[in-house]
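Chemist: Please find the sequence and the predicted model below.
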Amino acid sequence: MDLFTHVIFAYLLSFIIWGPAAPQYIAAGALAGGLPDADVLLFPLTRWFPSLHHRGAVHTVVGVTVIAAVGSLLVPYLPYFTHASTLLYFVAMEIGGLSHLVLDGFTNYAVRPLLPFSGRSLRLNADVAVSLVTMTLTGVTLVVLVFEHGNVPFGVWEETAWILVGVYGGYLVLRGVARWRAGLLRRTFGYAEVLPSTNPWRWLLLEETETPDRYHIRFRRLELGTGVTGSDRTLDVTKVAPTPGPVPTPQAALERTYSSAMSKSEWLAESYHFGEVVEKGPVYEVWWYIVSQAAGRRAYGVHGEIDRTTGTMNLRSGFMRLPTATPM
């Protein structure tokens, strides 16, 4: 989830727990809900401390607890916070921080909340990590809360908070039920994974196998209420070193560019990816892209050309227009 959605969700959860009479604990919970994403500021240290990478040590129960313990001592000295129970500040920030882990695990990005005791992942795959729906909802919520601050009676603010609790809660329930239904259909049609999209009714059924020498992926769109639509998209490639020389076929172009494309983008290499190729005169034009991030004919990945005679390739990463529409 994006940072502001984490903050708003923790704010509303804290409102449910503490009630409108304890705004200091609501604010502390909201603050803690966003703090785990501050680990992106630690990237200069990841060279020496790899565990500090984004969604690493800070995105664990231990990390959240350390933040809550330190925060409970410092928060009372921040502007707009009152001096109150250190223990209750700790509880509020612990709950806010844990809500961050739960929301991240609710999406298609995994966290490992039990590190260093267990490497087991938490990934429900019920929503995309950067969702236009939640970002829009969060934006509207921020505008409403800022507008109401100091401008409406206390009772109106309280009613607004309860309405927002219902909206956010309803959205999460909708996503959870849709994920459960998509999981049933995944097993029915024999796929290994189900991936969400921004649309709660649209999912992607997928299977992937990767070895040091080969890569295989098969995927297809699922529309809840309609069923599986379209046809399978399948790719099997042998991982070939980017050596010079003639490139006789489109399949050879995909295989020759695979390793170079993955090295161009770590994000691409760590995600479910698919490749397409089109003959274009003396070169093959090649697209490698992230399946779950593709929408229509737009996607993020690596795009470029490989010379059919010499094998010389020119690849670049970024958002690109695809030759065919993707199932998402």
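Modeler: Perfect, thanks for sending it. Numbering: from 1, shown residues only.
Chemist: For Thr238, give the beta-bridge partners.
Modeler: Thr238 has the following beta-bridge partners by DSSP bridges: Arg214.
Chemist: err, Glu223, not the other one
Modeler: Listed beta-bridge partners, Glu223: Arg202, Gly227 (assigned using DSSP bridges).
Chemist: Contacts only, for it.
Modeler: By C-beta atoms under 8 Å, 6 or more residues apart in numbering, Glu223 lies in contact with 201-202, 229. In this view, the C-beta of every residue, glycine as well, is placed from N, C-alpha and C.
Chemist: model confidence over stretch 128-143, on average?
Modeler: Rounded to a whole number, the mean pLDDT of stretch 128-143 is 86.
Chemist: Stretch 9-24 too?
Modeler: Mean predicted lDDT for stretch 9-24 stands at 94.
Chemist: how far does it sit from the chain's center?
Modeler: 26 Å (C-alpha atoms, centre = their mean, to the nearest Å).
Chemist: any idea how far the host helix or strand of Phe219 is from the chain center?
Modeler: Here Phe219 is covered by strand 214-223, with elements defined by DSSP states H and E. The offset between the C-alpha centroid of strand 214-223 and the centroid of the whole chain comes to 19 Å, using C-alpha atoms, centre = their mean.
Chemist: Could you tell me which residues within it count as buried?
Modeler: Neighbour-count burial for strand 214-223 flags 215, 217-222 (criterion: 16 or more other C-beta atoms under 10 Å).
Chemist: and if you look at stretch 272-290?
Modeler: Within stretch 272-290, the residues scored as buried using 16+ other C-beta under 10 Å are 272-277, 283-290.
Chemist: likewise stretch 64-80?
Modeler: Along stretch 64-80, the positions that meet the burial threshold by neighbour count (16+ other C-beta under 10 Å) are 64, 67-68, 71-72, 75-76.
Chemist: Likewise for stretch 173-189?
Modeler: By neighbour count, with 16+ other C-beta under 10 Å as the criterion, the buried positions of stretch 173-189 are 175, 178-179, 181-183, 185-186.
Chemist: And stretch 153-160, by the same measure?
Modeler: Of the residues in stretch 153-160, 157, 160 count as buried by neighbour count, 16+ other C-beta under 10 Å.
Chemist: coming back round to it: would a markdown table of the contacts of Glu223 with neighbour count be doable?
Modeler: As requested, these are exported to a markdown table (neighbours: other C-beta atoms under 10 Å):
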| residue | neighbour count |
| --- | --- |
| Trp201 | 14 |
| Arg202 | 18 |
| Thr229 | 11 |
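Chemist: what's in contact with the helix or strand of the chain with the lowest mean pLDDT?
Modeler: In the chain, no helix or strand scores lower on mean pLDDT, DSSP states H and E than strand 227-238, which sits at a mean of 87. Taking C-beta under 8 Å, 6+ apart as the criterion, the residues outside strand 227-238 that touch it are 185, 189, 205, 213-223, 251, 254-255, 258, 274-275, 326-327.
Chemist: try it again with 10 Å
Modeler: Contacts to strand 227-238, defined as C-beta atoms under 10 Å, 6 or more residues apart in numbering, come from residues 185-186, 188-189, 191, 202-209, 213-223, 251-252, 254-258, 273-276, 291, 324-327.
Chemist: quick one: it to chain centroid distance?
Modeler: What separates the centre of strand 227-238 from the centre of its chain is 23 Å, taken as C-alpha atoms, centre = their mean.
Chemist: any idea of the angle that strand forms with strand 214-223?
Modeler: Direction vectors for strand 227-238 and strand 214-223, defined by axes from the mean of the first three to the mean of the last three C-alpha atoms, to 10 degrees, enclose an angle of 170 degrees.
Chemist: Following element in sequence after strand 227-238, please.
Modeler: Next in sequence after strand 227-238, counting helices and strands by DSSP H and E, comes helix 250-264.
Chemist: Give me the average confidence score over that next one.
Modeler: Taken as a whole, helix 250-264 has a mean pLDDT of 95.
Chemist: which other helices and strands contact it?
Modeler: Contacts of helix 250-264 with other secondary structure elements, assessed using 3 or more C-beta pairs under 10 Å, 6 or more residues apart in numbering; DSSP states H and E, are made with strand 214-223, strand 227-238, helix 266-269, strand 273-280, strand 283-290, strand 298-307, strand 313-321.
Chemist: The same query, at a cut-off of 7 Å, please.
Modeler: Other elements packing on helix 250-264 under the criterion 3 or more C-beta pairs under 7 Å, 6 or more residues apart in numbering; DSSP states H and E are strand 227-238, helix 266-269, strand 273-280, strand 283-290, strand 298-307, strand 313-321.
Chemist: Can you point out the buried residues in the first one?
Modeler: Of the residues in strand 227-238, those buried under the neighbour-count criterion (16+ other C-beta under 10 Å) are 228, 233, 235, 237.
Chemist: Stretch 132-142 now?
Modeler: Buried residues in stretch 132-142, counted by 16+ other C-beta under 10 Å: 134, 137-138, 141.
Chemist: could you dump the residues you listed to a markdown table with secondary structure and distance to Pro36?
Modeler: A markdown table is the format used below for the buried residues of stretch 132-142 (DSSP: H, G, I helix; E, B strand; the rest coil; distance: C-beta to C-beta, whole Å):
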| residue | secondary structure | distance to Pro36 |
| --- | --- | --- |
| Thr134 | helix | 17 |
| Leu137 | helix | 21 |
| Thr138 | helix | 17 |
| Thr141 | helix | 20 |
